[in-house]
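1. what follows is a protein structure lacking sequence information:
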């Protein structure tokens, strides 16, 4: 698989709490030049990016990020505001506390609520695998599928661990046919990028892909 094919699957990401407009501009310029799948940016920058780049960029943002324990009404409001500002794709974090309490139906209903708010826009569901048992990961695969979300995503990149090949294989065994997979967190080498694409991930969330494919040393998500 060549660099161009990999970049078509990359959500080029900058989600650090201290990201400046210069950081976001650099990200966006790289995304335009290398034609990544999207830029994934903090909600506060959506309107400014949309005003500057318009249809040149596919804008993705995060909701309930990174901890997931915002109430559903707050997450829904975040989705509505992001779409109004010019965002096209939403990466939401599930309420991990609900998962740990075994309240899978509540998690499913929240996903369904946010997918309804997204309408035809893509909704990716971050389940933060590093905090979940195998049983809980399988339950989340079923919840994401039943709620009609477009993607299941491994990680925020801010937890104690990121994407693993084992989790991707577990997803593939337990999601429905209409759910795609996004790997994120800890993807730091070209070998990682290639491995997750070859495993069947439709999207890769990382800040490092462009630098890696340019042969540059990188740090980040």
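-> Structure received. Computed from a predicted model, the values in this text were never measured in an experiment.

2. for residue 203, name its beta-bridge partners.
-> Note on residue 203: beta-bridge partners by DSSP bridges are residue 182.

3. just list the residues touching it, thanks.
-> Residues in contact with residue 203, defined by Cβ atoms under 8 Å, 6 or more residues apart in numbering, are 9, 10, 11, 37, 124, 151, 153, 180, 181, 182, 183. Glycine gets a C-beta too; all of them are placed from N, C-alpha and C.

4. for residue 63, same thing?
-> 43, 75, 78, 79, 82, 90, 91, 92, 93, 114.

5. now the first one, nearest residue through space, not along the chain?
-> With sequence-adjacent residues excluded and distances taken as Cβ to Cβ, 6 or more residues apart in numbering, residue 43 is closest to residue 61, at 5.0 Å.

6. so which elements touch the host helix or strand of residue 193?
-> When elements are assigned from DSSP states H and E, residue 193 belongs to helix 190-199. In terms of contacts (3 or more Cβ pairs under 8 Å, 6 or more residues apart in numbering; DSSP states H and E), helix 190-199 is packed against helix 3-7, helix 165-174, strand 203-206, helix 209-213.

7. show me the contact partners of it.
-> The contact list for helix 190-199 (Cβ under 8 Å, 6+ apart) reads 1, 5-6, 9-10, 163, 165, 168-169, 172, 183, 186-187, 204, 206, 209, 212-213.

8. list the buried ones in that helix?
-> By 16 or more other Cβ atoms under 10 Å, the buried positions in helix 190-199 come out as 192, 193, 195, 196, 197.

9. again with stretch 131-148
-> Residues 131-132, 136-141, 143-145, 147-148 are the ones in stretch 131-148 that count as buried (16+ other Cβ under 10 Å).

10. just the closest of these to residue 107, please.
-> residue 143 (5.3 Å; Cβ to Cβ).

11. and the gap between the closest one and residue 199?
-> Using Cβ to Cβ, to the nearest Å, residue 143 is found at 22 Å from residue 199.

12. on that earlier part again, list just the nearest of the contacts of residue 63 to residue 57.
-> Nearest to residue 57 among those, with distances taken as Cβ to Cβ, is residue 82, at 14.2 Å.

13. and the pLDDT at the closest one?
-> Residue 82 carries a pLDDT value of 98.

14. how about JSON lines for the contacts of residue 203, with distance to residue 103 added?
-> Formatted as JSON lines, the contacts of residue 203 follow (distance: Cβ to Cβ, whole Å):
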{"residue": "9", "distance to residue 103": "33"}
{"residue": "10", "distance to residue 103": "34"}
{"residue": "11", "distance to residue 103": "29"}
{"residue": "37", "distance to residue 103": "33"}
{"residue": "124", "distance to residue 103": "21"}
{"residue": "151", "distance to residue 103": "22"}
{"residue": "153", "distance to residue 103": "20"}
{"residue": "180", "distance to residue 103": "26"}
{"residue": "181", "distance to residue 103": "24"}
{"residue": "182", "distance to residue 103": "24"}
{"residue": "183", "distance to residue 103": "26"}
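
15. state the distance from the residue nearest the centre of the chain to residue 37.
-> In the chain, the centroid-proximal residue (Cα atoms, centre = their mean) is residue 91; its distance is 4.6 Å. According to Cβ to Cβ, residue 91 and residue 37 sit 12 Å apart.

16. hey, what's in contact with both of these two?
-> Contact with both residue 91 and residue 37 is made by residues residue 11, according to Cβ under 8 Å, 6+ apart.
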